[in-house]
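>>> just coords:
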DNA sequence: CTGTTAGCGCGTTCAG
DNA sequence: CTGAACGCGCTAACAG
């Protein structure tokens, strides 16, 4: 017995207690300790007491890895997003975290920074980890290479008993074992744009984003469809790209304003972009919504901090996160979402104070 | 070989390929495959080719858990915070994520919702997981029970070869194996309050938070010290509690305004609280900073979305996250922070547009 | 260069 | 009720 103590002392200075240590101390066999812990098997009272005492004294904590190896393991929900600092992502992450912890799962988080390479690396790590579900959210460039890679990953994950969930990304095609959680993105864009048109606006700037990305593309499509509905011709000059942050949005809007003030309303692809745009608009001496109306998308905190309060499209990010986890875990269970693999959540316009009719005389602006 | 295929098909429908499977397919032994993967050991070219082929065909992914068991494993950095949706926390999380991924570590995230019980549960899970570092951020009630529990956990974690890092929380006392990352919290509060006093304000409302919590207590202390420096008596009536969210802050400020408008400046304990306060102030017809000046704390996005732009205290949240990871991982290494276990980061006031001298005649308000 | 043997910590047989 | 033996997937030691 003494040698064992030495063994503990000379090798690694730190070592966490194992079942063996506890067994030795309680003078029982390893399986007995295991049974005491599991509690699902009869153990003599005296023995149990001794074991429990040893457990406490040695501050025993089970080794998740060994457990996982044995099959009882460490269920985790992994997710990848572009940047935790974005409010939309944060809400999404919150939904995931909440739901995962309701299911007793741990959360594994990776940030991709929007880089496909980092995303792939993260995906691989998660596969190694044996995560029960791997959830990805965020816009991408939906090209051939992407679909091929993702399909492969979905298959591989599926084969390993895990589930890939794509949020806010289009499906990969029939037969690919993937779960999709979407929201009515195009419809939301159509709805806000219509709101602007209904107020009398005819020259609406589509501001921010990049049509190469799926999310932007869908919002763009909603914008065009609304235009068509109202018989307003689409004009390329009214589409201005900008990165997804305040700073770039501010600069781009300033440039556009310097070039020409030929619009009466702005549809910012994101609330954050709207924040940047608003700043540029205000600095240029324009009143919102007096001179120009402004709408955003996402309905996240910047929307209620801005003056005027921003009219925007509400996206149920938190619910998306919760749904993603439910779908993945319930996948072959019997719950509400069992066997379902495609969910579409609703969006709706939140009317606030940033929209008004165009100023007199500008409703029919020069072509 | 055919039996093996069957074997895969009849048992669990899904099973990830193991080294054994690969070895069988490549007609080599298991360790050989292992060596090909590790790449740190000579393997005949032909053999290597065959193994690599099998690896690819079977879509092999190493099992992290088995690896961890063997000692090579799955280094993870775990962290616990109150709520990902808070911008300060999000920035912190970003710093952690970034640094962890630089070190090739995976991130384990738990949200406590501010509940000590959930925090403890999360801590335990992370201990089981064998996380290399466990980082906690956020205010707590620093009582006897808390210190005892935390000390115990720190010891236990240390014994298991892991490291506990406390961010924005006070040390636990001498000899406790814990790493502390703090910022100049009291000093920041002292600095903004001084700024207000220097502008001529004498009746400054301390708004939001709860002195029971460490973070609030320190900011409160800075406020009082500044008052003392300027010889301005402290008045209990000028301290108003509010929860850490816009909504509650708004309501509390409205109540306070209805009761008495006996202050010329507000020190909001948080930028988010400032956002709520600003709304109430504005709605009450008060000009900021014309009628009342307003400052916040944290320097997170709400600060630059509000009008006027908020004067606030910059807290290096992202850097704290990075530092926490570095300290934990470098702990017994040779890097910049080796053997260091207490770091204090600086804060500074960011001057923007929400402070002005008090309106004439109010500088010396009625007692 | 390669295969055999052993063991990480745990849970599950199967005998007593 | 309890212990001995086995194996999860992997790597490190030791043979050849």
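Nice, I can see it. Predicted model, so just to flag it, every value in this text is computed and none were measured.

>>> Can I take it that residue A:182 is in a strand?
Yes - assessed by DSSP: H, G, I helix; E, B strand; the rest coil, residue A:182 belongs to a strand.

>>> Nearest residue to it in space, ignoring adjacent ones along the chain?
residue A:344 (5.1 Å; CB to CB, 6 or more residues apart in numbering or on different chains). All C-beta atoms are positioned from the backbone trio N, CA, C, and that covers glycine.

>>> Secondary structure class of the one you found, three-state.
Secondary structure assignment for residue A:344 (three-state DSSP): strand.

>>> pretty sure it is touching residue A:186, no?
No - between residue A:344 and residue A:186 there is no contact under CB atoms under 8 Å: 11.0 Å.

>>> mind listing what whichever residue of the stretch 101-250 of chain A sits closest to DNA strand C touches?
As assessed by CB to the nearest atom of the strand, DNA strand C sits closest to residue A:130 within the stretch 101-250 of chain A, at 13.9 Å. Residues near residue A:130 by CB atoms under 8 Å, 6 or more residues apart in numbering or on different chains: A:68, A:73-74, A:76, A:160, A:162, B:16, B:63-65.

>>> Tabulate these (a markdown table), appending distance to residue A:223, pLDDT and secondary structure.
Shown next, in a markdown table, are the contacts of residue A:130 (distance: CB to CB, whole Å; pLDDT from 0 to 100; DSSP: H, G, I helix; E, B strand; the rest coil):
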| residue | distance to residue A:223 | pLDDT | secondary structure |
| --- | --- | --- | --- |
| A:68 | 48 | 85 | helix |
| A:73 | 48 | 69 | coil |
| A:74 | 46 | 72 | coil |
| A:76 | 40 | 92 | strand |
| A:160 | 41 | 85 | coil |
| A:162 | 37 | 89 | coil |
| B:16 | 45 | 83 | coil |
| B:63 | 48 | 86 | coil |
| B:64 | 45 | 86 | helix |
| B:65 | 48 | 88 | helix |
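
>>> just the buried members of the residues you listed?
Listed as buried from those are A:68, A:74, A:76, A:160, A:162, B:16, B:63-65; burial here means 16 or more other CB atoms under 10 Å in any protein chain shown.

>>> which among those gets closest to residue B:22?
When these are compared for distance to residue B:22 (CB to CB), residue B:16 comes out closest, at 11.1 Å.

>>> before we move on, could you check phi and psi at residue A:204?
The phi/psi pair for residue A:204 (degrees, to the nearest 10) reads phi -110, psi 120.

>>> Count the residues that sit near it.
Neighbourhood size, residue A:204 [other CB atoms under 10 Å in any protein chain shown]: 25.

>>> Name the nearest residue to it, sequence neighbours excluded.
Leaving aside its sequence neighbours, residue A:204 sits nearest to residue A:265 (CB to CB, 6+ apart; 4.6 Å).

>>> From residue A:68, how far out is that neighbour?
Between residue A:265 and residue A:68 the computed distance is 55 Å (CB to CB, to the nearest Å).

>>> cool, residue A:273 as well?
Using CB to CB, residue A:273 is found at 43 Å from residue A:68.

>>> thinking again about what came up before, in CSV: the contacts of residue A:130, plus distance to residue A:119.
Shown next, in CSV, are those (distance: CB to CB, whole Å):
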residue, distance to residue A:119
A:68, 25
A:73, 25
A:74, 23
A:76, 18
A:160, 18
A:162, 16
B:16, 21
B:63, 22
B:64, 19
B:65, 23
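
>>> Among those residues, which ones lie close to DNA strand D?
Among the contacts of residue A:130, the ones lying near DNA strand D by CB under 7 Å from any atom of the strand are residue B:63.

>>> What is the nearest of the contacts of residue A:130 to residue B:286?
residue A:76 (50.3 Å).

>>> where does residue A:307 land in three-state SS?
Of the three states, residue A:307 takes coil under three-state DSSP.

>>> isn't it right next to residue B:307, touching?
Yes - between residue A:307 and residue B:307 there is a contact under CB under 8 Å: 4.9 Å.

>>> any idea how far stretch A:291-308 is from the chain center?
21 Å (CA atoms, centre = their mean, to the nearest Å).

>>> what does stretch A:70-78 give?
Remark: stretch A:70-78 is offset 22 Å from the chain centroid, using CA atoms, centre = their mean.

>>> The stretch 201-350 of chain A: strands as residue ranges?
Under the criterion DSSP state E, counting those that start in this stretch, the stretch 201-350 of chain A carries strands at the ranges A:204-207, A:239-240, A:265-268, A:293-295, A:312-314, A:342-345, A:348-350.

>>> The residue of the stretch 101-250 of chain A found nearest DNA strand D: what secondary structure?
Residue nearest to DNA strand D within the stretch 101-250 of chain A (CB to the nearest atom of the strand): residue A:128, separated by 8.6 Å. For residue A:128, the assignment made with three-state DSSP gives helix.

>>> so what's the closest residue to it other than its chain neighbours up against?
Distances taken as CB to CB, 6+ apart place residue B:64 nearest to residue A:128, at 4.5 Å, with adjacent residues excluded. Remark: with contacts taken as CB under 8 Å, 6+ apart, residue B:64 is in contact with A:65, A:128-130, B:73-74.

>>> How about residue A:151?
A:172-173, A:176.

>>> what kind of secondary structure is it in?
helix.

>>> same question, residue A:96
Put simply, residue A:96 is helix when judged by three-state DSSP.

>>> check contacts around residue A:144.
Neighbour list for residue A:144: empty [criterion: CB under 8 Å, 6+ apart].

>>> What of residue A:112?
A:80-82, A:118-119, A:122, A:138.

>>> same check, this time on residue A:323
So residue A:323 contacts A:95, A:181, A:337, A:343, A:345 (CB under 8 Å, 6+ apart).

>>> Just put the residues you listed in JSON lines and tack on neighbour count and pLDDT.
Listed next are these as JSON lines, based on neighbours: other CB atoms under 10 Å in any protein chain shown; pLDDT from 0 to 100:
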{"residue": "A:95", "neighbour count": "21", "pLDDT": "97"}
{"residue": "A:181", "neighbour count": "27", "pLDDT": "97"}
{"residue": "A:337", "neighbour count": "16", "pLDDT": "65"}
{"residue": "A:343", "neighbour count": "19", "pLDDT": "95"}
{"residue": "A:345", "neighbour count": "15", "pLDDT": "97"}
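
>>> Which single one of those residues is nearest to chain B?
residue A:95 (9.9 Å; CB to the nearest CB).

>>> How much space separates the closest one from residue B:80?
Separation of residue A:95 from residue B:80 (CB to CB): 18 Å.

>>> With residue A:50 instead?
34 Å.

>>> more crowded one of the two?
Between residue A:50 and residue B:80, residue B:80 has the larger neighbour count (other CB under 10 Å), namely 21 against 18.

>>> Before we move on, what's the pLDDT of that one?
At residue B:80, the pLDDT value in this model is 97.

>>> Likewise for residue A:30?
87.

>>> Likewise for residue A:237?
pLDDT recorded at residue A:237 is 96.

>>> In space, what's closest to it - neighbours in sequence excluded?
Leaving out its chain neighbours, the residue that sits closest to residue A:237 by CB to CB, 6+ apart is residue A:262, at 7.5 Å.

>>> Residue A:167 now?
Per CB to CB, 6+ apart, closest to residue A:167 is residue A:137, 4.0 Å.

>>> For chain B, see how far away that neighbour is.
13 Å (CB to the nearest CB, to the nearest Å).

>>> tally of neighbours for the spatially closest residue to residue A:298 that is not a sequence neighbour?
Once flanking residues are discounted, residue A:298 sits nearest to residue A:271: 4.6 Å by CB to CB, 6+ apart. Using other CB under 10 Å, residue A:271 has 26 neighbouring residues.

>>> Residue A:271 is in contact with residue A:297, isn't it?
Yes - in this structure, residue A:271 is within contact of residue A:297 by CB under 8 Å, at 6.6 Å.

>>> what's the overlap in contacts for these two?
In the contact map built from CB under 8 Å, 6+ apart, the residues linked to both residue A:271 and residue A:297 are residue A:312.
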